[in-house]
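Visitor: Structure for this input, please:
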Amino acid sequence: MSDLNVDTFLLALPFPALVIGPDERVTAANRLAETLLGTELAGRHHITILRQPAVLETIEAVVAEGTGKLTRFLGRDPHRDAVYKVSVNPVGSSVLLVFEDQTEIEQAGQMRRDFVANVSHELRTPLTALLGFIETLRGAARNDAAARDRFLSIMEGEAARMSQLVSDLLSLSRVEENERRRPTDPVDLVALIDNAVSVLGPVAATAGVSIQRQLPDHPVTVPGDADQLRQVIQNLVENAIKYGVSGGRVVISLSDPGPQPLLRLPGVVLSVQDFGEGFAAHHIPRLTERFYRIDKHRSREVGGTGLGLAIVKHIIGRHRGRLQVESTPGKGSRFSVILPTAN
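Guide: Okay, here's the model as predicted:
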């Protein structure tokens, strides 16, 4: 190909690409390659541009063997570190390099690995405790009725924790599977809130927390999935009871339908507020990550799996809503769910 044809060919590629000539210098590069590797690449020796040993060794092997190969290049775009799959192929006496961004694929793979590691850890901890107590009950505590009852009670708690974790994992899987299908059934949020308060009332009473409602005196209907929205309300209220217990009360409020700037649609705001310890603002962006906990020890003490807010986020996303979190250390937290009132 002529130089003009090479430049035209590279310009048409949707990926960063460059050509290395027989003298080991760059003969052509497209704009995307210059964005990735720097400007004025033509005429420079490729070693001064591609300094990573894996890439240089692959180029040498392609020149020596005359067959194409793949390698990885670690670069940076204007906003993030990036991982590229590099196709290195002989083209006559030259070598063509094409860089394909694999960052999102790599991140997805890392998220899967982290998820498996977290699930394994969350299951291993109670399993280890169960196995230890079983061994003790078979040995020293075999004939100690008091110890046996105490250990069985702890074992029951650990088994319940594992059961809740499995239940939350299945729930998260179901929500993610259906996230693109927006639910459209009419759901009365006032009725769901009343139901949640009835269910969690005994839990709140045991913790010494009162639940106060600030609701319209008429039904407030949104398009949605009643079971999933019930789960959102119960998760948020239960969290408020567990982590805001020092404040002594939880307030659930629901607005009448009206304009919602965040949605650019008419909607309602459902808020759950506690008056407990609160938390620092830097935790807020990560609260809905799977297994993220502000206080891991306390979360396990109160039976948290680290998945509740992740489930909430996905359910709200399926309903095309928004989740807002506000918290002030020492004063408490407010979780607000903004839902559209029309399809």
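Visitor: Report the rounded mean pLDDT for stretch 61-74.
Guide: In this model, stretch 61-74 has an average pLDDT of 94.
Visitor: Sorry, slip of the keys, the one I care about is stretch 235-243.
Guide: 91.
Visitor: Tell me which helix or strand in this structure has the weakest average pLDDT.
Guide: helix 296-301 (a mean of 57; mean pLDDT, DSSP states H and E).
Visitor: show me where the stretch 201-343 of the chain has helices.
Guide: 226-243, 296-301, 308-318 (DSSP state H, counting those that start in this stretch).
Visitor: closest one to Tyr84 among those?
Guide: helix 308-318 (30.1 Å; C-beta to C-beta). The C-beta positions use only the backbone N, C-alpha and C, and glycine is treated the same way.
Visitor: where's that closest one relative to the chain centroid, distance-wise?
Guide: 10 Å (C-alpha atoms, centre = their mean, to the nearest Å).
Visitor: Below-threshold pLDDT in this structure: ranges please.
Guide: Along the chain, the model assigns pLDDT under 70 to residues 1-4, 78, 296-304, 343.
Visitor: Report the central residue of it.
Guide: Closest to where the C-alpha atoms of the chain average out (C-alpha atoms, centre = their mean) is Glu289, at 4.0 Å.
Visitor: who's in contact with the residue nearest to that residue when sequence neighbours are not counted?
Guide: Nearest residue to Glu289 in three dimensions, chain neighbours excluded: Ala310, at 6.7 Å (C-beta to C-beta, 6 or more residues apart in numbering). Applying C-beta atoms under 8 Å, 6 or more residues apart in numbering to Ala310 gives the contacts Leu172, Thr288, Glu289, Arg290.
Visitor: before we move on, what about Thr221?
Guide: Pro186, Val187, Asp188, Leu189, Thr341.
Visitor: The fourth one is in contact with Ser271, isn't it?
Guide: No. In terms of C-beta atoms under 8 Å, Leu189 does not count as a neighbour of Ser271; the distance is 11.6 Å.
Visitor: Looking at these two, which is more packed in?
Guide: Leu189 (25 against 18; other C-beta atoms under 10 Å).
Visitor: Scan the protein for its longest strand.
Guide: strand 80-91 (DSSP state E).
Visitor: Show me the contact partners of that one.
Guide: 16, 19, 36, 55, 58-59, 62-63, 66-76, 95-103, 106.
Visitor: any idea how this protein splits into domains?
Guide: Annotated domains of the chain cover 3-101, 102-177, 181-343 [automatic domain parsing].
Visitor: just these: most buried one?
Guide: Comparing the domains of the chain by mean neighbour count (mean count of other C-beta atoms under 10 Å), domain 181-343 ranks first with a mean of 17.
Visitor: can you pull the contacts of Gly321?
Guide: Leu263, Gly267, Val337, Ile338, Leu339, Pro340.
Visitor: make it 10 Å
Guide: Counting by C-beta atoms under 10 Å, 6 or more residues apart in numbering, Gly321 touches 222, 224, 229, 232, 260, 262-263, 265, 267-270, 313, 315, 337-340.
Visitor: Mind checking which of the residues you listed are in strands?
Guide: Those of these lying in strands (DSSP E): Val222, Gly224, Gln260, Leu265, Gly267, Val268, Val269, Leu270, Val337, Ile338, Leu339, Pro340.
Visitor: With distance to Arg80 added, can I get those residues in JSON lines?
Guide: Below are the ones in strands among the contacts of Gly321 laid out as JSON lines (distance: C-beta to C-beta, whole Å):
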{"residue": "Val222", "distance to Arg80": "36"}
{"residue": "Gly224", "distance to Arg80": "35"}
{"residue": "Gln260", "distance to Arg80": "31"}
{"residue": "Leu265", "distance to Arg80": "32"}
{"residue": "Gly267", "distance to Arg80": "33"}
{"residue": "Val268", "distance to Arg80": "36"}
{"residue": "Val269", "distance to Arg80": "33"}
{"residue": "Leu270", "distance to Arg80": "35"}
{"residue": "Val337", "distance to Arg80": "30"}
{"residue": "Ile338", "distance to Arg80": "29"}
{"residue": "Leu339", "distance to Arg80": "32"}
{"residue": "Pro340", "distance to Arg80": "32"}
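Visitor: just curious, which of these is nearest to Thr305?
Guide: Val337 (20.2 Å).
Visitor: and the closest residue to the closest one other than its chain neighbours, bridged to which residues?
Guide: Excluding its sequence neighbours, the residue lying closest to Val337 (C-beta to C-beta, 6+ apart) is Leu270, at 4.6 Å. Following DSSP bridges, Leu270 is listed with bridge partners Leu254, Val337.
Visitor: contacting residues around Leu270?
Guide: 189, 192-193, 215, 220, 222, 229, 232-233, 236, 252-255, 321, 335-339.
Visitor: what about the strands in the stretch 1-150 of the chain?
Guide: Assigned by DSSP state E, counting those that start in this stretch, the strands in the stretch 1-150 of the chain fall at 17-20, 26-29, 69-77, 80-91, 94-101.
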